[in-house]
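[1] need a 3D model of the sequence below.
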Amino acid sequence: MSEPKKHQKPSLLLRVLAVLCTTLGILCLFVYAGVNIICKGPSPTARDLFVGSVMETSAAKFLAYLCYSEEEIAEIRARNAVVETAEVTEQTGFAQRDESVPKDTIELVDVTGPTFKGKMLIVHDPARVKVAVAPVFSEEASGVRVEDFAKQENAVAAINGGGFMDEGGIGKGGMPLGTVIKDGKLLNGGLSSAQPIVGFDQNNQLVVGTMTGQECLDRGIRDAVSFGPTFIINGKAMEVAGSGGGLNPRTVLGQRADGTVLMLVIDGRQSHSIGATYKDCIDVMLQYGAVNAANLDGGSSSMLVYNGEVQNVCASLYGSRPLPTAFIVTQPLDEGGN
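    Numbers count the residues shown, from 1 in each chain. The predicted structure is shown next:
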């Protein structure tokens with residue numbers, strides 16, 4: 001007569017895996033339930049803010065798709081955006097600047113709001129603000145980190161620039177989207193392709209608005225990238241509908257009537273700073289006197305380097321992103337600036 005088989009206990013590894021899988025499953029259920037409460041709950045404002053926030057990320061877009069179709073998401077985003085304008089910055093001279101402030105002065109100040117903290121770099125000489133570009137524009141090539149742009153260009157400061165191809169949030173950052181102009185030469189984008197422009201003309205005036213490559217060259221644009229939306233144009237703030245892009249890290253470029261350049265970088269997706277909406281950015285720019293301003297690429301790309309030090313907290317889990325373009329502040333013109 002054979003002996004009965006002994007029941008074998010599962011190994012410690014299998015038990016640990018079972019506990020981990022169960023815990024992960026419970027967490028996923030909580031996340032799904034939480035997303036559904038926000039999206040399907042009684043507050044349209046919370047829903048729109050949530051969708052706007054996650055849709056500007058590379059990694060968390062899927063959360064919106066758990067509850068809504070692509071068409072529904074597009075409708076929500078359209079209801080919560082900056083109202084578009086056909087205007088382009090008018091060619092005007094600069095107002096009289098305060099001569100008591102040396103033209104080579106740069107100020108770094110803290111900015112705060114109910115949901116955000118950030119830094120504003122105030123550059124009194126607009127001729128020192130230029131576009132820096134990666135050595136090669138290609139999907140296969142790696143871009144350059146903002147801090148490395150600053151080092152390579154011997155720049156006093158640098159912020160991230162225009163948009164770039166970033167499939168799944170893991171792109172190499174080597175291929176810009178839209179128009180790129182450096183030193184008056186069109187490096188990317190077509191002559192007939194209309195793109196949202198953020199850049200400077202030969203008179204060092206910040207130009208924002210939608211223009212073709214040929215219109216940029218005819219206007220005498222010396223340095224520019226493509227991104228948006230436009231926030232302030234010709235002294236008029238754009239109207240923002242609803243939550244306006246959600247709460248996210250932001251980078252904004254603006255200019256005062258006297259030519260002073262404003263570089264705003266706001267932290268987001270952090271415990272100390274959730275992020276800012278488009279309206280928040282417009283309000284800050286108006287507070288500091290901007291007459292023209294536009295949104296640059298934000299999110300995990302938002303970065304400000306000043307005097308060799310990173311001044312903000314990058315939202316990327318992998319650190320500073322490689323990028324194809326940046327705006328830099330050169331050395332004073334009598335100290336090696338171009």
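[2] distance from the chain centre to the strand or helix carrying R47, please.
    When secondary structure is defined by DSSP states H and E, R47 falls within helix 44-54. In terms of CA atoms, centre = their mean, to the nearest Å, the gap separating the centre of helix 44-54 from the centre of its chain is 18 Å.
[3] and what of stretch 270-289?
    Taking CA atoms, centre = their mean, the mean C-alpha location of stretch 270-289 is offset from the chain mean by 12 Å.
[4] now V305: which helix or strand?
    For V305, the host element (DSSP H and E) is strand 304-306.
[5] helices or strands up against that strand?
    Counting contacts by 3 or more CB pairs under 8 Å, 6 or more residues apart in numbering; DSSP states H and E, strand 304-306 packs against strand 117-123, helix 146-152, strand 157-160. For the C-beta atoms, the positions are set from N, CA and C on the backbone; glycine is no exception.
[6] of all these, which one is nearest L191?
    The stretch from the helices and strands packed on strand 304-306 with the least distance to L191 (CB to CB) is strand 157-160; that distance is 26.0 Å.
[7] what sits up against the closest one?
    Contact with strand 157-160 is made by 106, 121, 123, 132, 146-147, 149-150, 251, 253, 263, 265, 296-297, 301-307, 321, 323, 325-329, as judged by CB atoms under 8 Å, 6 or more residues apart in numbering.
[8] what helix or strand does A74 sit in?
    Secondary structure from DSSP H and E places A74 in helix 70-79.
[9] quick one: residues in contact with that helix.
    Residues from elsewhere that reach helix 70-79, judged by CB under 8 Å, 6+ apart: 47-48, 51-52, 55, 64-65, 68, 241-242.
[10] show me what counts as buried in that helix.
    Counting neighbours by 16 or more other CB atoms under 10 Å, one finds that the buried residues in helix 70-79 are 73, 76-77.
[11] same list (those residues) but as CSV, adding pLDDT and distance to A59.
    Converted to CSV, the buried residues of helix 70-79 look like this (pLDDT from 0 to 100; distance: CB to CB, whole Å):
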residue, pLDDT, distance to A59
I73, 86, 16
I76, 83, 19
R77, 84, 18
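[12] adding distance to T85, write these out as JSON lines.
    JSON lines is the format used below for those (distance: CB to CB, whole Å):
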{"residue": "I73", "distance to T85": "24"}
{"residue": "I76", "distance to T85": "22"}
{"residue": "R77", "distance to T85": "18"}
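[13] okay, the angle between the helix holding A74 and helix 44-54?
    In this structure, helix 70-79 runs at an angle of 100 degrees to helix 44-54, with axes from the mean of the first three to the mean of the last three CA atoms, to 10 degrees as the basis.
[14] for the stretch 101-250 of the chain, which residues score under the pLDDT cut-off?
    Per-residue confidence for the stretch 101-250 of the chain (pLDDT under 70) gives these ranges: 168.
[15] now the strands for it?
    Using DSSP state E, counting those that start in this stretch, the strands of the stretch 101-250 of the chain run over 106-112, 117-123, 129-133, 157-160, 180-182, 185-188, 194-201, 206-212, 221-226, 230-233, 236-237, 250-256.
[16] could I get the very next helix or strand once past the last one in PDB with only the CA atoms?
    For strand 250-256, the following helix or strand on the C-terminal side (DSSP H and E) is strand 261-266. This file holds the C-alpha atoms of strand 261-266, laid out as PDB (Å, rounded to 0.1, in the frame of the first residue of the first chain):
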ATOM      1  CA  VAL A 261      13.100  89.700 -21.700                       C
ATOM      2  CA  LEU A 262      11.200  87.600 -19.200                       C
ATOM      3  CA  MET A 263      12.000  83.900 -18.900                       C
ATOM      4  CA  LEU A 264       9.600  82.000 -16.600                       C
ATOM      5  CA  VAL A 265      10.000  78.400 -15.500                       C
ATOM      6  CA  ILE A 266       7.400  76.900 -13.200                       C
END
